[in-house]
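Colleague: sequence and predicted structure, then a few things I'm wondering about:
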Amino acid sequence: MRGGRVLGRLALGLMAWVCGLVYASAGILTRAELERAFPAPFILGEKDDQLPVWPIFKQNATENQLVAYAYESVDLAPIPGFSGTPIDLLVALAPDGTFLDVRVAHFHEPVFVDGLGSAPLFDFVKQYAGKSLKQTIKVGPPNGGGASDGAVAVIDGVAKATASVRILNETLLASGLTVARAKLGFAQGRDPTRSARMRPDVFAAMDWQGLVGQGYIRHFRVSNAEAETPFKGGLAEGLDREASRHPDDSFIELWVGELDAPMIGRNLLGDKAFNQLVADLDGRHALLVVSTGRYGFRADDYVEGAVPTRLTLSQSEAPVELRDFAWRSAIPQAPAGDLAVFVIKPQTGWDPASLATLALRATREKGQILPERISHDFGFLYSTPADLLILPPPEEAKGALGVWRDRALDTAIVALALVGLTTALSLQNRLTASARVYPWARRAFLVFTLVFIGFWAQAQLSIVSVIGLVRQGSVGFLLYDPPSLLLWGFTLATLFVWGRGTFCGWLCPFGAMQELVADFGRWLGIKQIRIPDRWDGRLKNLKYVALAAVLAAAAIPSAPAETVAEIEPFKTAITLEFVRSAPFVIYAVGLVVGGLFAYKFFCRYLCPLGAAFALIGLARRWNWLPRRPESGSPCQLCKVKCRYGAIKKTGEIVYRECFQCLDCLVIHNDAQQCVPLVLAAKRRPQPRIAAT
Ligand code: SF4
Ligand code: SF4
């Protein structure tokens, strides 16, 4: 016990140290530094109270004219770079969406720190000056000439630093779009978190013709005559002979649909490939584009995995980046022609419910030497059919209050369950009075925990929230998840009463899943391996190592804490219900199946959250499980029956390993099982039956 206390104090000390560290993901520039960065004639205004941006003014006659918003990208889009630390850019964005100035405020990209030096990075960002958020800005090959033609602006990449400059580009665009939406009215100020989502439950078996006929896949056509019209009267008139010869034939036919909608994706890909696609997309959208005809949407310079140059998408006058998803699964039903799946990130503000314009650029060339290029964009209006979408709740429901209103029923059910559980555990002797009924009552509660708390209410507590606490220094984000907040509050309170067992034994959905699977295995006759005490004791320390690793990663800004946190399989098993890429699914399934043979292997040996609760639970003041003088000496029944190895040979309970399953209490209260009670009954003189 003393060893446990020392371990607990050490771990609590480590946690306190870690929590005390400041996570440097906020902007670093002071007002004085910003004023130096934008000297006279510019005037730095007051920092906005809604968004971390500073207006920059310039005196024009008698009034101050707004010329830009200055901000640090790390405040708005802290996308981890190669070292894990976000690249911080100082940006000046003009009211029309043009980048006036982009500089690197801070970076830790290994390729520039240790290899190429900072000069190529500083030269790279200079190229953004004058480019507009209304264009699709993409990073091209190094020394590519930086060609820009209206809709698409190409920035020269940096050799050997392709990944780093792409991350920088993402950072700049994501932060710029956030400012443009909030301050410049881009995308009608739409909040990307309030876009419509695909309905997972709308599906009817249909072939390609059916999908097109129902309007789920949109069909567009441009005839040769229509392709000629915009060029009439100009230099390029009549250059396309084919168009003049066969005016009614198709110049291009296009089919467009959201492949991540089950109605389209399941019908075209089949269940397995569709599930894989959704897992790979990880919250992004996938737009399927197919074309036939004389003109394709793939230009000669089309590169898989890159931004197309001939096809652009825009919504509410803001560009939406399309990037080839390099999707390899065949779509045999699609017409033979050009086919691509484009991925769209939610940060672009793309809302499938709103009208968008898909623009196809047609270019003609006049002249042999240094030909003149004349282009026209053909626009097609596209939106995803409403019956495939879940629309966001009305604007007034936004914010934490709205979330609490929306989730009132879930929260009330969880609250009721917690009241019921507290009452039942407070009356633990009555709860365990029947050795036959109690296991079924426990199983019923575990099914509730798994199905309602886990799958339905998505209230699986996770070490990721602890990372959020360490990094952001606050748990304000939990206000947006009332059932989880309730569970956190209840769990922390019960740690001081019963220890970690109340959460781990009753309220953890993944813990419940493992226990139910193990019960099922027992019913099937699968024998569990009993790990020898010596090894059991050693393996149990692994979870503290896992906890220390997660906390250390959370405290070091450059460390990939969320990746380290993947040691807990909750996201895969509970949040995503095993629909994720293969390595994660194999790991989670492996742990669940492994639990069939080694009882709750993950909980006992690996879980960092369980370790954190075990350590905080050391502050528990009561030994609430009753013991008999014979417990441990000579009776070893409870020790042998405890599947968590939480009872020492001496009969003492190790509460930090106790999952409050109450199996030992059932034995303690059962005159048929408890050895001291059985022996006492045998010793008691039996009533004589009088002879008649
Ligand atoms: S040890 Fe971890 S997985 Fe197991 S019940 Fe506790 S929190 Fe859940
Ligand atoms: S059997 Fe073990 S885990 Fe269950 S309540 Fe008793 S000591 Fe705790």
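Modeller: Arrived safely, thanks for sending. Ligands and ions are numbered 1, 2, ... in the order given.

Colleague: state the helix or strand in which the residue lying closest to residue 620 once chain neighbours are set aside lies.
Modeller: Of all residues not flanking residue 620 in the chain, residue 499 sits nearest, at 4.5 Å (Cβ to Cβ, 6 or more residues apart in numbering). Quick note: C-beta positions are derived from backbone N, CA and C, even for glycine. Per DSSP states H and E, residue 499 falls between elements, in no helix or strand.

Colleague: wait, doesn't residue 499 sit right on residue 656?
Modeller: Yes - counting by Cβ atoms under 8 Å, residue 499 touches residue 656, with 6.7 Å between them.

Colleague: so which of those two has more stuff around it?
Modeller: Neighbours of residue 499 and residue 656, each counted by other Cβ atoms under 10 Å, are more numerous for residue 499; the result is 29 against 23.

Colleague: so the more buried one versus residue 418, what's the distance?
Modeller: Separation of residue 499 from residue 418 (Cβ to Cβ, to the nearest Å): 17 Å.

Colleague: before we move on, what about residue 685?
Modeller: In terms of Cβ to Cβ, residue 685 sits 48 Å off from residue 418.

Colleague: what's the distance between stretch 131-147 and the middle of its chain?
Modeller: Here the centre of stretch 131-147 is set off from its chain's centre by 29 Å, with Cα atoms, centre = their mean, to the nearest Å.

Colleague: correction: the previous question concerned stretch 514-522.
Modeller: 29 Å.

Colleague: cool, stretch 332-339 as well?
Modeller: How far stretch 332-339 lies from its chain's middle: 32 Å, per Cα atoms, centre = their mean.

Colleague: mind listing residues that contact it?
Modeller: Applying Cβ atoms under 8 Å, 6 or more residues apart in numbering, the contact partners of stretch 332-339 are 207-208, 253, 255, 268, 288-293, 296-298, 331.

Colleague: could you dump that stretch to PDB, C-alpha only?
Modeller: Output in PDB follows, covering the C-alpha atoms of stretch 332-339 (Å, rounded to 0.1, in the frame of the first residue of the first chain):
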ATOM      1  CA  PRO A 332     -17.700   0.200 -63.400                       C
ATOM      2  CA  GLN A 333     -21.200   1.700 -63.900                       C
ATOM      3  CA  ALA A 334     -19.800   5.100 -64.700                       C
ATOM      4  CA  PRO A 335     -19.600   6.100 -68.400                       C
ATOM      5  CA  ALA A 336     -16.200   5.500 -70.000                       C
ATOM      6  CA  GLY A 337     -14.300   8.700 -70.000                       C
ATOM      7  CA  ASP A 338     -12.400  10.900 -67.600                       C
ATOM      8  CA  LEU A 339     -13.200  10.000 -63.900                       C
END
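
Colleague: mind listing what's buried along that stretch?
Modeller: For stretch 332-339, the neighbour count (16 or more other Cβ atoms under 10 Å) marks 334, 335, 337, 338, 339 as buried.

Colleague: if we check ligand 2, which of the residues you listed are in contact?
Modeller: Among the buried residues of stretch 332-339, no residue sits close to ligand 2 (Cβ under 6 Å from any ligand atom).

Colleague: so which of those residues belong to strands?
Modeller: Secondary structure from DSSP state E places 338, 339 of these in strands.

Colleague: which bits of the stretch 501-650 of the chain sit near ligand 1?
Modeller: Contact residues, the stretch 501-650 of the chain versus ligand 1 (Cβ under 6 Å from any ligand atom): 504, 508, 510, 511, 602, 603, 607, 609, 610.

Colleague: tell me the one of these nearest ligand 2?
Modeller: residue 504 (9.4 Å; Cβ to the nearest ligand atom).

Colleague: show me what contacts the closest one?
Modeller: Going by Cβ under 8 Å, 6+ apart, residue 504 touches 511, 603, 610, 613, 659, 660.

Colleague: and the third one, how far from residue 457?
Modeller: Okay, so that is residue 610. 21 Å.

Colleague: quick one: which of those two has more around it?
Modeller: Using other Cβ under 10 Å, the more surrounded residue of residue 610 and residue 457 is residue 610, with 29 against 22.

Colleague: what about that one, which SS state?
Modeller: Here residue 610 is recorded as helix under DSSP: H, G, I helix; E, B strand; the rest coil.

Colleague: list the contacts for it?
Modeller: Contacts of residue 610 (Cβ under 8 Å, 6+ apart): 500, 504, 543, 603.

Colleague: let's have the residues you listed in a markdown table, adding distance to residue 136, secondary structure and pLDDT.
Modeller: Converted to a markdown table, the contacts of residue 610 look like this (distance: Cβ to Cβ, whole Å; DSSP: H, G, I helix; E, B strand; the rest coil; pLDDT from 0 to 100):
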| residue | distance to residue 136 | secondary structure | pLDDT |
| --- | --- | --- | --- |
| 500 | 52 | coil | 95 |
| 504 | 50 | helix | 97 |
| 543 | 48 | helix | 96 |
| 603 | 49 | helix | 96 |
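
Colleague: nearest to residue 169 among those?
Modeller: If you rank the contacts of residue 610 by distance to residue 169 using Cβ to Cβ, residue 543 comes first, at 40.3 Å.

Colleague: tell me how many other residues surround the residue nearest to the closest one when sequence neighbours are not counted.
Modeller: Sequence neighbours aside, residue 611 is the residue nearest to residue 543 in space, at 3.9 Å (criterion: Cβ to Cβ, 6+ apart). Residues lying near residue 611 (other Cβ under 10 Å) number 25.

Colleague: I'd like the distance between residue 611 and ligand 2.
Modeller: Computed as Cβ to the nearest ligand atom, to the nearest Å, the residue 611 to ligand 2 distance reads 16 Å.

Colleague: what's the answer for residue 505, then?
Modeller: Separation of residue 505 from ligand 2 (Cβ to the nearest ligand atom): 7 Å.

Colleague: same question, residue 519
Modeller: From residue 519 to ligand 2 the distance is 14 Å (Cβ to the nearest ligand atom).

Colleague: dump the residue contacts of that residue.
Modeller: By Cβ under 8 Å, 6+ apart, the contact list for residue 519 reads residue 443.

Colleague: for the helix or strand harbouring it, buried residues please.
Modeller: Element membership for residue 519 (DSSP H and E) is helix 509-524. Within helix 509-524, the residues that count as buried by 16+ other Cβ under 10 Å are 509, 510, 511, 512, 513, 514, 515, 516, 517, 518, 521.

Colleague: also stretch 582-598?
Modeller: For stretch 582-598, a neighbour-count test (16+ other Cβ under 10 Å) marks 584, 585, 588, 591, 592, 595, 596, 598 as buried.

Colleague: in helices, which of those fall?
Modeller: Among those, DSSP state H puts 584, 585, 588, 591, 592 in helices.

Colleague: which one of the residues you listed is nearest to residue 130?
Modeller: residue 584 (42.9 Å).

Colleague: skipping adjacent residues, who's closest to that closest one in space?
Modeller: Excluding the flanking residues, the one nearest residue 584 by Cβ to Cβ, 6+ apart is residue 572, at 4.4 Å.

Colleague: wait, a strand at residue 341?
Modeller: Yes - judged by three-state DSSP, residue 341 forms part of a strand.
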